[in-house]
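Undergrad: mind looking at a prediction? Sequence and model below.
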Amino acid sequence: MNQTYPVVVIGAGPIGLAAAAHLIERHQDVRVLEAGATAGAAMSAWGHIKLFSTWRYNIDAASRRLLETLTDTYAGDWEAPRETRLPTGSDMVAEYLAPLASHPALAPRISYGHRVAKVTRIQPDGRGVDKTSSKNREDSLFLVRTETAAGTEDVLASAVIDASGTWNMPNPVGRSGLEAIGEAEARAAGFITSPLPDPLGADQDSFAGKTVLVLGAGHSAANTLISLGRLRQQHPDTTVLWGLRGAANPVRLYGGGAADELPARGQLGTSLRRFVENGDITILENVSVTALETGDRLTVVLADGRSLVVDLVVPATGFRPDLAILSELRLDMDQIVEAPRELGPLIDPEFHSCGTVTAHGERILAHPETDFYIVGMKSYGRAPTFLMATGYEQVRSIAASLAGDRAAADVVELELPETGVCSTDLGGSCDLPAAGEPAASCGTPEPEAESESCCGTPEPATIGFATGTLHGHAELASGK
């Protein structure tokens, strides 16, 4: 790796900042490029959502050490949140990410308002290296093209870690992975909301008294449905439709309820069941959207010939990675879930949940493009089974490898309690999101639970491993 240029980290969410903290700890130069105006910008977009996992599991080890370090310019007065408290997305940003990003060891290295448009390679003397060029490719630099308010800026890097998440790439509401006919027009006209709107808060005026169709069967859908159920109790003229792409299965939809070992997660299913049984939410089965017709209201045309007339559609349909910015790089990707090839079979949601994913580090995430890595929610592609603990371990291993510590890079561990699993529906256990995030995202608006959470354990001293869950922390992933 060319030590003259920094390692560029794309994204200042929890995984991106953790990557930077680990690199700083190993005395590596790093620059973080963040599209938003602040750290955790994607997480702020769903700041009203409460996580399933307590603070104990949501802070990366190297980031914690950085925040607790005394320096000449930093008093080290950060106070770690109470470990048993369940944070919201906004809490994560305010109490953890913002202080971390403002630390004097990290703050000068973060460039906000830098949206990455393309990543390619270039020779140190300025000669171009496109995807077809093989000669001396491993000795070339990375060129990261960014779009800023001041114009286009090219940033040179010795290595690139893409932690940009998936929050800005929601799956379409149409069938078979395609946009429905007229979907782009419906989105532009404001009929399609964000994946996790705030019907009881900032978005209440937009939802009250309206007919709302929520598509999806994961925890993202559940959060919105519960909020809408409560909104309907305040505004009875609100109609809430829950569109399922298959037939309804109450056991899968509502989960373990009071028997769930994660109280906050169990409350989610219990609350949802209550709203359905009370008639506040109407379940619609086999909702396969073929077209959206805009007018004064939105007509949703289904494959079986039915049509629904609604005011808003909430697309809790999951996310996918934006790989277009990486088209000039040599990637080795799994063709099913669009994750790094060796990682794909380990995370395929048809065969695995969060708790059965094998620990993985730099070797699993490596591509033919030397010193380039996709991490965090984006590394899981279309699989909604990402854990924040997994992302923290990914970047710890990668930072060790980039610093030349092969032994530390290869020692990867991820210990999860038995309940630390998740699935794409509410019937599976889910520790929470993103990319961001984001991931069955598992935030919940239910009251705080003073219990231990799942999907992570305290850091093993041998590998500097931090835990936390992000099946919805920074990158929310919703069910299908």
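TA: In hand now; what should we look at?
Undergrad: how many other residues sit next to Phe52?
TA: When neighbours are defined as other Cβ atoms under 10 Å, Phe52 has 34 of them. (C-beta placed from N, C-alpha, C; glycine too.)
Undergrad: let's verify it: helix, strand, or coil?
TA: Assigned with DSSP: H, G, I helix; E, B strand; the rest coil, Phe52 falls in the coil class.
Undergrad: give me the distance between Gly201 and Val395.
TA: According to Cβ to Cβ, to the nearest Å, Gly201 stands 32 Å off from Val395.
Undergrad: who has more neighbours out of those two?
TA: Val395 (30 against 11).
Undergrad: can you pull the contacts of that one?
TA: 15, 18-19, 22, 161, 163, 375-376 (Cβ atoms under 8 Å, 6 or more residues apart in numbering).
Undergrad: from the residues you listed, which is closest to Trp242?
TA: Distance to Trp242, by Cβ to Cβ, is smallest for Gly376 among those, at 29.7 Å.
Undergrad: Trp242 belongs to a strand?
TA: Yes - under three-state DSSP, Trp242 sits within a strand.
Undergrad: and it, how many residues sit next to it?
TA: Quick note: Trp242 (other Cβ under 10 Å) scores 29 neighbours.
Undergrad: also Arg363?
TA: Arg363: 14 neighbours (other Cβ under 10 Å).
Undergrad: now it: closest residue in space that isn't a chain neighbour?
TA: Among residues not flanking Arg363 along the chain, Asp410 sits closest, at 6.8 Å (Cβ to Cβ, 6 or more residues apart in numbering).
Undergrad: show me what counts as buried in stretch 127-140.
TA: Buried residues in stretch 127-140, counted by 16 or more other Cβ atoms under 10 Å: 129, 140.
Undergrad: gap between Gly177 and Ala37?
TA: 32 Å.
Undergrad: among the contacts of Val395, which pair sits farthest apart?
TA: Between all members of the contacts of Val395, the farthest pair (by Cβ to Cβ) comes out as His22 and Gly376, at 13.2 Å.
Undergrad: compare neighbour counts for those two and give me the winner.
TA: Taking other Cβ under 10 Å, His22 and Gly376 do not tie; Gly376 has more neighbours (36 against 29).
Undergrad: now the strands for the stretch 51-200 of the chain?
TA: Per DSSP state E, counting those that start in this stretch, the stretch 51-200 of the chain carries strands over the ranges 110-112, 115-122, 128-129, 141-148, 151-157, 159-162.
Undergrad: ok, of those strands, where does mean pLDDT dip lowest?
TA: Per-stretch mean pLDDT for these is lowest at strand 128-129 (a mean of 89).
Undergrad: hmm, who's touching it?
TA: Counting by Cβ under 8 Å, 6+ apart, 120-123, 137, 140 sit against strand 128-129.
Undergrad: in its sheet, what does it sit against?
TA: strand 115-122 (antiparallel) (DSSP bridges).
Undergrad: kindly calculate the angle that the partner strand makes with strand 151-157.
TA: On the basis of axes from the mean of the first three to the mean of the last three Cα atoms, to 10 degrees, strand 115-122 is oriented at 50 degrees to strand 151-157.
Undergrad: list the buried residues for strand 115-122?
TA: Neighbour-count burial for strand 115-122 [16+ other Cβ under 10 Å]: 115-116, 118-122.
Undergrad: okay, the closest residue to Gly201 other than its chain neighbours and Leu196: tell me how far apart.
TA: What sits nearest to Gly201 in space, not counting adjacent residues and going by Cβ to Cβ, 6+ apart, is His48, at 5.5 Å. Applying Cβ to Cβ, the value for His48 to Leu196 is 8 Å.
Undergrad: neighbour count winner among the two?
TA: Between His48 and Leu196, counted using other Cβ under 10 Å, the more crowded position is Leu196 (28 against 21).
Undergrad: the residue lying closest to the more buried one once chain neighbours are set aside: neighbour count?
TA: Distances taken as Cβ to Cβ, 6+ apart put Trp46 closest to Leu196, at 4.2 Å, once the chain neighbours are dropped. Trp46: 29 surrounding residues under other Cβ under 10 Å.
Undergrad: got it, and Gly295?
TA: Neighbours of Gly295 (other Cβ under 10 Å): 9.
Undergrad: Val32 and Tyr373, how far apart?
TA: For Val32, the distance to Tyr373 - Cβ to Cβ - is 14 Å.
Undergrad: swap in Asp125?
TA: 26 Å.
Undergrad: settle it for me: which of these two has more neighbours?
TA: More crowded of Asp125 and Tyr373, by other Cβ under 10 Å: Tyr373, with 25 against 5.
Undergrad: so where's the chain uncertain?
TA: 1-2, 70-76, 248-267, 352-357, 415-480 (pLDDT under 70).
Undergrad: name the element Ser397 belongs to?
TA: Using DSSP states H and E, Ser397 sits in helix 388-402.
Undergrad: and what of Leu231?
TA: helix 219-234.
Undergrad: and that helix, what's buried?
TA: Those would be 219-232, for helix 219-234 by 16+ other Cβ under 10 Å.
Undergrad: equivalent analysis for stretch 154-165, please.
TA: Going by 16+ other Cβ under 10 Å, stretch 154-165 has these buried residues: 155-165.
Undergrad: which one of the residues you listed is nearest to Val7?
TA: Distances from Val7 to the buried residues of stretch 154-165, taken by Cβ to Cβ, are shortest for Ala159, at 4.5 Å.
Undergrad: distance between stretch 304-316 and the chain's centre?
TA: Put simply, stretch 304-316 sits 26 Å off its chain's centre (Cα atoms, centre = their mean, to the nearest Å).
Undergrad: then it to PDB, C-alphas only?
TA: Output of stretch 304-316 as PDB, limited to C-alpha atoms (Å, rounded to 0.1, in the frame of the first residue of the first chain):
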ATOM      1  CA  ASP A 304     -54.400 -10.200  -9.900                       C
ATOM      2  CA  GLY A 305     -56.500  -7.400 -11.300                       C
ATOM      3  CA  ARG A 306     -57.300  -5.600  -8.100                       C
ATOM      4  CA  SER A 307     -56.800  -1.800  -7.800                       C
ATOM      5  CA  LEU A 308     -56.300   0.200  -4.600                       C
ATOM      6  CA  VAL A 309     -56.800   3.900  -4.300                       C
ATOM      7  CA  VAL A 310     -54.500   5.400  -1.700                       C
ATOM      8  CA  ASP A 311     -52.900   8.700  -0.700                       C
ATOM      9  CA  LEU A 312     -49.500   7.400   0.300                       C
ATOM     10  CA  VAL A 313     -47.300   4.300  -0.100                       C
ATOM     11  CA  VAL A 314     -44.600   3.400   2.400                       C
ATOM     12  CA  PRO A 315     -42.000   1.300   0.700                       C
ATOM     13  CA  ALA A 316     -40.700  -0.900   3.600                       C
END
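Undergrad: got a list of contacts for it?
TA: 170-173, 186, 191-193, 195-197, 206-207, 210-216, 218, 220-221, 224, 241, 243, 284, 286, 288, 292, 297-302, 478-479.
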